[in-house]
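*Asks:* 3D, please:
(one chain, ligands or ions: 2)
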Amino acid sequence: MEWKSLSKEHANQSNHDVKETIVQVGEGNFLRGFVDWMIHQLNVKGLYDGKVVAIQPTPHGKVVPKLNAQDGLYTSVLRGVENGETVNRAELIESISRGIDPYNLWSDVLELARSPHIEFMFSNTTEAGLTYHQETFDENTSPLSFPGKVVAFLYERYKTFDGDSSKGITLIPCELVEGNGDLLKEIVLKLIHDWQLPQAFKEWVETDNLFCNTLVDRIVTGFPRGEEDSFRERLGYEDILLTIGEPYHLFVIDAPEEVAERLPFHKAGLNVKWGDATPYRELKVRLLNGAHTMMFAACYLAGVDTVYQAMTNERLSAFVKDGLFNEILPTVQADDEEKEQFAVSVLERFSNPFLEHQLTDIGMNPLYKFKTRVVPSLLAYVEKNATLPNKLALSLAALLAYTKPVDKEGAFLAGDRNGTRYIIRDNEQTLAFLETVWEEYEAGDATLEQTVHKLLVNTEIWGTDLTQMKGLTEKVTADLEQGIHELV
Ligand SMILES: NC(=O)c1ccc[n+]([C@@H]2O[C@H](COP(=O)([O-])OP(=O)(O)OC[C@H]3O[C@@H](n4cnc5c(N)ncnc54)[C@H](O)[C@@H]3O)[C@@H](O)[C@H]2O)c1
Ligand SMILES: O=P(O)(O)OC[C@@H](O)[C@@H](O)[C@H](O)[C@H](O)CO
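*Replies:* Ligands and ions are numbered 1, 2, ... in the order given. As a prediction, the model looks like this:
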């Protein structure tokens, strides 16, 4: 049977006279399954009246054409257990009006910047996107970096409204980086300096625009590969942007009361907290993201593909629980009951049978994630116990095994699991370093222990010299020699 593609024919709300009030840098799974889903809830409940324009952050994006082909529509499916009940809820999300590819239609972005209605900017460009890149400014073309686009957008707005203080906007970045709002502001100011833009513009950015720190939490696994047929039957249309996630969500936004009034997520029954994100961040990044990062390589190399498969495998789930409860949890500074409860909820969320969270997806930029999400637990454990945490050390060995290249794969490297190729994705410098170090090993110019030493001594990668941790190089070498799948 031929299914119709999702389009405005299926919409419940009219797209006429829509007011575009939110600009969003990013169009990925997470934003669609989280922020845009939340704006939709506000619109539906009459608590907000505005739509989102999604801007593609990099020249390689593939989502904007799909979004526009579907008139900005897509379906969110939330699957899992909520308040003890199994839910499997599909909802047409109508909060996005359109997408813009700024590399082809930069003039559309500038036109948006000139709109008096714009009041918020959301973003999620991954940790790699929220970084400073030196680049030149040409008013007629899109800057390459995310912060560069923000500066160009704000500058156009500043000029259009002649520095009117009421035309500043509230920026709510969702990248999983500590102090994300402060960092975005810092990079924006640095670019304004680089580009020698007027001092008055800099002052307008600093005083009339608000940069908020946030913390986000929801597992969004994206498109349900392999389930296309059953979804067509269920929905009655073809949706190439179907977005699967769990029902659980938490959004912490550090912003003043007036922002909460303009964007009343909490009144729509959403789990949005207004205030300092720091305490939530520590718990979430160390316990949830830390456990994901600790488990992905070891479980993948042991032969399973998804988090759920790992959690339903006796040996692998014992590994995850041991690492989480005995090695990560005691090192996190938080109220005992609160952290225990959070760790229990993490295991429940990982055991969600309705989510197919691919371990290789969690393994994107794995060395960077290990540095920010696991190394703090490793260091704190050794400091506290004067001995190595067995499971975290094993997860480090697994990470090295996972990132050992066998080939190149476009701009990335390829790894091998018993004849199955997977892509090793990280930043350019990290990949070049891995390639060189492992080539020397393969050429017989370094022993395995010397290779592990070369990897662990790199402070750029780990944020610290891991060879200083007594016995770690030897333990990781021994684990690699024995084979990760034997040990987990
Ligand atoms: N998926 C989740 O469960 C989840 C939950 C919480 C937080 N997050 C965060 O969201 C981020 C995105 O996850 P996703 O599932 O939406 O992935 P995705 O692949 O669907 O989207 C990634 C987005 O980031 C952009 N991007 C990638 N590299 C970039 C760069 N160097 N510069 C600018 N933009 C860049 C892409 O163009 C795309 O818009 C993750 O890094 C993660 O920190 C994800
Ligand atoms: O999204 P990443 O790639 O930064 O990390 C992988 C997972 O740990 C992450 O997506 C979690 O599922 C998410 O952070 C839950 O809120």
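*Asks:* burial count for Thr331?
*Replies:* By other CB atoms under 10 Å, the residues close to Thr331 number 20. For glycine as for every other residue, the C-beta is placed from the backbone atoms N, C-alpha and C.
*Asks:* so what's the closest residue in space to Gly26 that isn't next to it in sequence up against?
*Replies:* Closest residue to Gly26 apart from its sequence neighbours, by CB to CB, 6 or more residues apart in numbering: Asn124 at 4.4 Å. Asn124 makes contacts with 25-26, 28, 30-31, 35, 173-175, 216, as judged by CB atoms under 8 Å, 6 or more residues apart in numbering.
*Asks:* try Leu112
*Replies:* By CB under 8 Å, 6+ apart, the residues touching Leu112 are 20, 23, 53, 100, 118, 153.
*Asks:* residues in contact with the residue in the stretch 201-350 of the chain that ligand 1 sits nearest to?
*Replies:* For the stretch 201-350 of the chain, the residue closest to ligand 1 is Val220, as judged by CB to the nearest ligand atom, at 3.9 Å. Counting by CB under 8 Å, 6+ apart, Val220 makes contact with 29-30, 32-34, 243-246.
*Asks:* Kindly report the same for Gly168.
*Replies:* Gly168 neighbours (CB under 8 Å, 6+ apart): 204-205, 207-210.
*Asks:* Do you know the pLDDT at it?
*Replies:* Note on Gly168: pLDDT of 98.
*Asks:* Okay, buried residues for the worst-scoring helix or strand of the chain on mean pLDDT please.
*Replies:* Using mean pLDDT, DSSP states H and E, the weakest-scoring helix or strand in the chain turns out to be helix 484-487, at a mean of 85. Within helix 484-487, the residues that count as buried by 16 or more other CB atoms under 10 Å are 484-485, 487.
*Asks:* Compile those residues into JSON lines and extend it with columns for distance to Asn271.
*Replies:* Output for those, formatted as JSON lines (distance: CB to CB, whole Å):
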{"residue": "Ile484", "distance to Asn271": "37"}
{"residue": "His485", "distance to Asn271": "38"}
{"residue": "Leu487", "distance to Asn271": "38"}
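*Asks:* Leu241 contacts Asn68, correct?
*Replies:* No - here Leu241 does not reach Asn68: they are 10.8 Å apart, not a contact under CB atoms under 8 Å.
*Asks:* Looking at the two, which has the bigger crowd around it?
*Replies:* The residue with more neighbours, out of Leu241 and Asn68, is Leu241; 22 against 15, by other CB under 10 Å.
*Asks:* Doesn't the more buried one lie inside a helix?
*Replies:* No - according to DSSP: H, G, I helix; E, B strand; the rest coil, the state of Leu241 is coil, so it is not within a helix.
*Asks:* ok, it to Glu340 distance?
*Replies:* According to CB to CB, to the nearest Å, Leu241 and Glu340 sit 38 Å apart.
*Asks:* which stretches of this protein have low pLDDT?
*Replies:* Where the chain drops to pLDDT under 70, the residues are 14-17.
*Asks:* hmm, 90 instead?
*Replies:* Scanning the chain for pLDDT under 90 picks out 1-2, 12-18, 60, 81-85, 127-128, 427, 485-488.
*Asks:* Now do the contacts for Leu472.
*Replies:* Contact analysis of Leu472 by CB under 8 Å, 6+ apart lists 388, 393, 396, 456, 466.
*Asks:* Which phi and psi values does the second one adopt?
*Replies:* Think Ala393. phi -70, psi -40 (degrees, to the nearest 10).
*Asks:* Then Gly245?
*Replies:* Torsion angles, degrees, to the nearest 10, at Gly245: phi -150, psi 180.
*Asks:* Any idea what it is bridged to?
*Replies:* Gly245 forms beta bridges with Leu78, Val220, as assigned by DSSP bridges.
*Asks:* mind checking how far it is from Val216?
*Replies:* Distance of Gly245 to Val216, given as CB to CB: 12 Å.
*Asks:* burial count for Glu85?
*Replies:* 8.
*Asks:* and it, what are its bridge partners?
*Replies:* Bridge pairing for Glu85 - DSSP bridges - gives Glu82.
*Asks:* neighbours of Lys167, just the number please.
*Replies:* Using other CB under 10 Å, the number of residues around Lys167 comes to 21.
*Asks:* and this structure, which of its residues are near ligand 2?
*Replies:* Applying CB under 6 Å from any ligand atom, one finds that the chain approaches ligand 2 through 176, 217-219, 288-289, 292, 362, 364.
*Asks:* quick one: the strands in the stretch 51-200 of the chain?
*Replies:* Ranges of strands within the stretch 51-200 of the chain are 51-55, 74-82, 85-93, 96-100, 120-123, 170-173, based on DSSP state E, counting those that start in this stretch.
*Asks:* by how many degrees do the third one and strand 74-82 diverge?
*Replies:* With axes from the mean of the first three to the mean of the last three CA atoms, to 10 degrees applied, the angle from strand 85-93 to strand 74-82 works out at 170 degrees.
*Asks:* what residues does strand 85-93 touch?
*Replies:* Contacts of strand 85-93 (CB under 8 Å, 6+ apart): 6, 10-12, 32, 36-37, 40, 73-81, 234-235, 243, 247, 354.
*Asks:* Show the buried residues in these.
*Replies:* The neighbour count (16+ other CB under 10 Å) marks 6, 10, 32, 36-37, 40, 73-81, 235, 243, 247, 354 as buried among the contacts of strand 85-93.
*Asks:* out of the residues you listed, who's near ligand 1?
*Replies:* Among the buried ones among the contacts of strand 85-93, ligand 1 is touched by none when using CB under 6 Å from any ligand atom.
*Asks:* I'd like to know how many residues surround the residue of the chain found nearest ligand 1.
*Replies:* Of all residues in the chain, the one sitting closest to ligand 1 is Gly28 (2.2 Å; CB to the nearest ligand atom). By the other CB under 10 Å criterion, the neighbourhood of Gly28 contains 18 residues.
*Asks:* Right, I'll call it a day here.
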